[in-house]
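Trainee: Just need the structure, nothing else, for what follows:
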Amino acid sequence: MLSIKEICHAYSTPSSVFHYFSGLKSAATRCIEPPALSLLRIEIAIILDANSSGVATVHFVAMDFNPGTATFLSLRSIGSAHNRRTKIHRYKMYRASGSFLILKSAWELILSIGEYDYIQIINQNTKKPMKSTCTWLVCLFTSISLLNGQTVEDLQSASVAFRTSLTEDQVAAIQFHFTDTQRVKWTNLPVGLAPRPGLQYGTLSEESKILLHRLLTTLLSSQGYLKITSIMRLDDILNQVYDEAIKRNLVPASEIEAIQGLNWGFDNYYLAFWGDPTTETVWGFKLEGHHISVNLSVVGDFYSVTPLFLGTDPAEVEITTYAGLRVLSKEEDYGFDLIHSLTAEQQAMATISMDTPQDIITNPDAPQRLTTYQGIKGSELTPVQRALLEDLIGEYVHNLEHMKAHFYLDLLQKSGVDNIYFAWVGSYEVQKPHYYVIHSPDFIIEFDNVGFQNNANHIHSIWREKGNDFGEDLLRKHYAEHKH
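Mentor: The predicted structure is shown next:
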């Protein structure tokens, strides 16, 4: 966490007030020291006058700010809470030594110059303080933190709560050293083919399961959380599908025993901690099993969730009461939307081959080896086509928690959509094998849908941050700054 004093240069006179975003952008360029910062989350707490019981209503506003380009990415309310004056929700207090912030909106919030601990609400028309319910109010920025700062605290808190709920034997099963080589290994195979280290989900108590899901909803967006839990549920559905297929004599008798030995099931996913989130600042967490590999790496105030593998089998359930269910629908649909939007000439540029790979290229048995750019470049797309490409990328990025997702979207905008390559392999028709890769200077996305029967009903997809799998880039910076 960084205080205002640590981040901003002090200004000596109130004449430094800027009333428009253009002015704010200019001021921010001089105010923010950019070398060590890539994105800031700015949070403001506004406390209304306390009632007779001494309870105040606290309103929180958040902004995403990119000091690299000195632009605000979004401005939104992040809720309110009732608190006594002596306790401000869960945010830390900082005292301001100079500097201020102006927001161009219905009202301007001014953080006054000097040694003050309040925010003044100014009527933009009269340029005078409001004299109604919100006049001079207690406190100001509760924090200006790096994007990852508050989220890491939440992740650590949720992880510790979950870990604390486990028995001694369960802790012994789930806990590994951060340097254990198993941390940087992953696979999407069923546990019957590839046993996993760690603690089996099905052995958790109901209390522990609830706390684990709280951890997942802290790490992921609602979209990402529902995809992962639906993939886990899909394993139970897959068992039902095969049971029904066996009854209908659709599965050769010689294959039944091998299929049952794959050990699909909602309960058959495994959890591991690498390092102790209770006491260590460098630690990790893994959730893995059939068609899921979630890899969280935490280094100080930063974290990464890469590689993130999600798959579905079947991609579209065809029998049982769940017929029609498509867990990873938009990853496929948006890909088809983009390839179909291209002209014949553009499709020729985008299409590498008609021979679809049987898996993603950066699969568990190979290093991240997509080093050359292939396909059609973003600069060759029309504005509508670029928007479709961004929608497709967003479907992957928005699996992550909101602030983390916007961190990556900001990187995308910095590198430029024009510098992203989209490549296609296989058929342009649904239910026929197809594959695509999105390759940017910062990340790689792969999608493959072939299936054992070559009917495009078995999806593998992956999101990888280039150079930062398992937090390797974060660790390089950490070890460069700290002698070990």
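
Trainee: Every contact and neighbour count from this point should use C-alpha atoms.
Mentor: Fine.

Trainee: Can you tell me the closest non-neighbouring residue to residue 338?
Mentor: residue 388 (5.8 Å; CA to CA, 6 or more residues apart in numbering).

Trainee: May I have stretch 303-317 as CSV, with CA atoms only?
Mentor: The C-alpha trace of stretch 303-317 is given here as CSV (Å, rounded to 0.1, in the frame of the first residue of the first chain):
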residue,chain,number,x,y,z
TYR,A,303,-0.4,-11.9,-8.2
SER,A,304,-0.9,-13.8,-11.5
VAL,A,305,-3.4,-16.5,-12.5
THR,A,306,-1.6,-18.1,-15.4
PRO,A,307,-1.7,-20.6,-17.0
LEU,A,308,-5.5,-20.8,-16.7
PHE,A,309,-6.8,-23.9,-18.6
LEU,A,310,-10.5,-24.6,-19.0
GLY,A,311,-12.1,-27.4,-21.1
THR,A,312,-15.4,-29.2,-21.6
ASP,A,313,-16.3,-32.7,-22.6
PRO,A,314,-18.8,-32.7,-24.0
ALA,A,315,-18.7,-29.1,-25.4
GLU,A,316,-22.5,-29.5,-25.9
VAL,A,317,-24.3,-32.2,-24.0
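
Trainee: Show me the contact partners of that stretch.
Mentor: 148, 152, 188, 228, 231, 234-235, 238, 291-298, 323-329, 456-465, 468-471, 474 (CA atoms under 8 Å, 6 or more residues apart in numbering).

Trainee: Enumerate the beta-bridge partners assigned to residue 426.
Mentor: For residue 426, the beta-bridge partners are residue 434 (DSSP bridges).

Trainee: so it touches residue 435, yeah?
Mentor: Yes - using CA atoms under 8 Å, residue 426 makes contact with residue 435 at a distance of 6.2 Å.

Trainee: so what secondary structure elements neighbour the strand or helix carrying the residue nearest to residue 338?
Mentor: Secondary structure assignment for residue 388, by DSSP states H and E: helix 383-397. Under the contact definition 3 or more CA pairs under 8 Å, 6 or more residues apart in numbering; DSSP states H and E, helix 383-397 sits against helix 329-341, helix 402-415.

Trainee: which of those has the lowest average pLDDT?
Mentor: Here these differ in mean pLDDT, and the lowest is helix 402-415 at a mean of 86.

Trainee: Give me the buried positions along it.
Mentor: Neighbour-count burial for helix 402-415 flags 403-412 (criterion: 16 or more other CA atoms under 10 Å).

Trainee: Return the member of these nearest to residue 376.
Mentor: The nearest member of these to residue 376, counting by CA to CA, is residue 412 at 16.8 Å.

Trainee: ok, the closest one - contacts?
Mentor: 440, 442.

Trainee: ditto for the one 10 residues further on
Mentor: The neighbourhood of residue 422, defined by CA under 8 Å, 6+ apart, consists of 350, 374-378, 436-439.

Trainee: Three-state assignment for it, please.
Mentor: Put simply, residue 422 is strand when judged by DSSP: H, G, I helix; E, B strand; the rest coil.

Trainee: Excluding chain neighbours, what is closest to it?
Mentor: Residue 422's closest residue in space is residue 438 (CA to CA, 6+ apart), at 4.8 Å.

Trainee: Same check on residue 462?
Mentor: Counting by CA to CA, 6+ apart, the residue nearest residue 462 is residue 309, at 4.4 Å.

Trainee: Tell me if the one you found really is in a strand.
Mentor: Yes - assessed by three-state DSSP, residue 309 belongs to a strand.

Trainee: burial of it, as a residue count?
Mentor: 23 (other CA atoms under 10 Å).

Trainee: cool, residue 241 as well?
Mentor: Count around residue 241 with other CA under 10 Å applied: 21.

Trainee: Near the residue nearest to residue 422, how many residues? Count them for me, please.
Mentor: 23.

Trainee: Helix or strand next in line after the helix or strand encompassing it, which one?
Mentor: Assessed by DSSP H and E, residue 438 sits inside strand 434-439. Counting by DSSP H and E, the element after strand 434-439 in chain order, helix or strand, is strand 443-449.

Trainee: quick one: contacts of the helix or strand just after that following strand?
Mentor: Per DSSP H and E, the first helix or strand lying C-terminal to strand 443-449 is strand 459-465. For strand 459-465, contacts defined as CA under 8 Å, 6+ apart pick out 291, 306-315, 328, 359-360, 396, 442-451.

Trainee: Residue 165 touches residue 208, doesn't it?
Mentor: Yes - counting by CA under 8 Å, residue 208 is a contact partner of residue 165 at 5.7 Å.

Trainee: what's the neighbour count on residue 229?
Mentor: 15.

Trainee: which residues does it contact?
Mentor: For residue 229, no contacting residues are found, by CA under 8 Å, 6+ apart.

Trainee: how far away is it from residue 220?
Mentor: 11 Å (CA to CA, to the nearest Å).

Trainee: The closest residue to residue 421 other than its chain neighbours: what's it in contact with?
Mentor: In this structure, residue 421 finds its nearest non-sequential neighbour in residue 377, 4.4 Å apart by CA to CA, 6+ apart. By CA under 8 Å, 6+ apart, the contact list for residue 377 reads 418-422.

Trainee: between the residues you listed, which is closest to residue 333?
Mentor: residue 422 (15.1 Å).

Trainee: Beta-bridge partners for the closest one, please?
Mentor: residue 376, residue 438.

Trainee: Per-residue pLDDT of it, please?
Mentor: For residue 422, the predicted pLDDT is 97.

Trainee: same deal with residue 356?
Mentor: Value for residue 356, per-residue pLDDT: 79.

Trainee: how much space between the closest residue to it other than its chain neighbours and residue 187?
Mentor: In space, residue 356 comes closest to residue 426 once its chain neighbours are excluded; the distance is 5.0 Å by CA to CA, 6+ apart. According to CA to CA, residue 426 and residue 187 sit 25 Å apart.

Trainee: got it, and residue 395?
Mentor: For residue 395, the distance to residue 187 - CA to CA - is 22 Å.

Trainee: Could you check which of those two has the larger neighbour count?
Mentor: residue 187 (19 against 16).

Trainee: Identify the residues contacting the more buried one.
Mentor: Contacts of residue 187 (CA under 8 Å, 6+ apart): 194, 288-289, 293, 364.

Trainee: what is residue 293 paired to in the beta sheet?
Mentor: Note on residue 293: beta-bridge partners by DSSP bridges are residue 288, residue 309.

Trainee: wait, it sits on residue 186?
Mentor: Yes - using CA under 8 Å, residue 293 is in contact with residue 186, at 6.7 Å.

Trainee: Just want to know which of these two has more residues nearby.
Mentor: Remark: of residue 293 and residue 186, residue 293 carries more neighbours, 26 against 22, as counted by other CA under 10 Å.

Trainee: quick one: contacts for the more buried one?
Mentor: 186-188, 286-287, 307-310.

Trainee: and if we set it to 10 Å?
Mentor: 185-189, 228, 269-270, 286-287, 305-311, 462 (CA atoms under 10 Å, 6 or more residues apart in numbering).
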